[in-house]
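**Q** Below are the sequence and a predicted model; questions follow.
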Amino acid sequence: MNIKEYIREIKDFPKPGIAFKDITPLLGNPKALVKCVEDLASLVPKGVTIHKVIGIEARGFILGGMLAERFEAGFVPVRKKGKLPAAVHSRSYGLEYGADTLEIHTDAIAPGEHVLIHDDVLATGGTAKAVCELVAELGGVVVQCSFIMELAFLKGRQQLTVPIVSVLQY
């Protein structure tokens, strides 16, 4: 099964000039969804311990939760500013079409815990870099950043100093 067939491109979304890669057809097909999770899980080196999987708001929550279950790890949501109810660490960052702030609960990651960060797409790398910084601030160790797809032409990989994997490359 080729999961690329389940990624729809929406031109000029969320603003003119952006070609948005929409994963909702993938999410709507049970076999494609399971295949994608299997592919992502297979990219984690054998023997690597994962204590927590971070899912980045909002699409990262879906497969991030499924990966946490797969690795018998806890799941940690990283959300946009003002969405988490307890004490948080925050990090502002730039992205391919604007700027934003992400937050994580201060008690979400214990010092020394091994963390897998998951999101749907690696574009310019600003979002993933901000989350890596939040994990480091809490004393966690990022073992890998995983993505359904990487938009290689945006060179987001260059922003990160941790192992990066993706199922699809554009």
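**A** Done, it's in.
**Q** host element of residue 168?
**A** Residue 168 is part of strand 164-169, with elements assigned from DSSP states H and E.
**Q** Pull the contacting residues for the residue sitting nearest the centre point of the chain.
**A** Nearest to the geometric centre of the chain sits residue 119, at 1.8 Å (C-alpha atoms, centre = their mean). Counting by C-beta atoms under 8 Å, 6 or more residues apart in numbering, residue 119 touches 55-56, 59-60, 64, 127-128, 145, 147. All C-beta atoms are positioned from the backbone trio N, CA, C, and that covers glycine.
**Q** go again using 7 Å as the cut-off
**A** Residues near residue 119 by C-beta atoms under 7 Å, 6 or more residues apart in numbering: 56, 60, 127-128, 147.
**Q** neighbours around the closest residue to residue 88 other than its chain neighbours, how many?
**A** Excluding its sequence neighbours, the residue lying closest to residue 88 (C-beta to C-beta, 6 or more residues apart in numbering) is residue 103, at 4.0 Å. Around residue 103 there are 21 other residues, counting by other C-beta atoms under 10 Å.
**Q** quick one: least confident helix or strand in this structure?
**A** Within the chain, no helix or strand scores below strand 88-95, which has a mean of 88 by mean pLDDT, DSSP states H and E.
**Q** count of residues packed around residue 125?
**A** Residue 125, neighbours per other C-beta under 10 Å, totals 24.
**Q** What distance do you get for it to residue 90?
**A** To residue 90, residue 125 is 19 Å away according to C-beta to C-beta, to the nearest Å.
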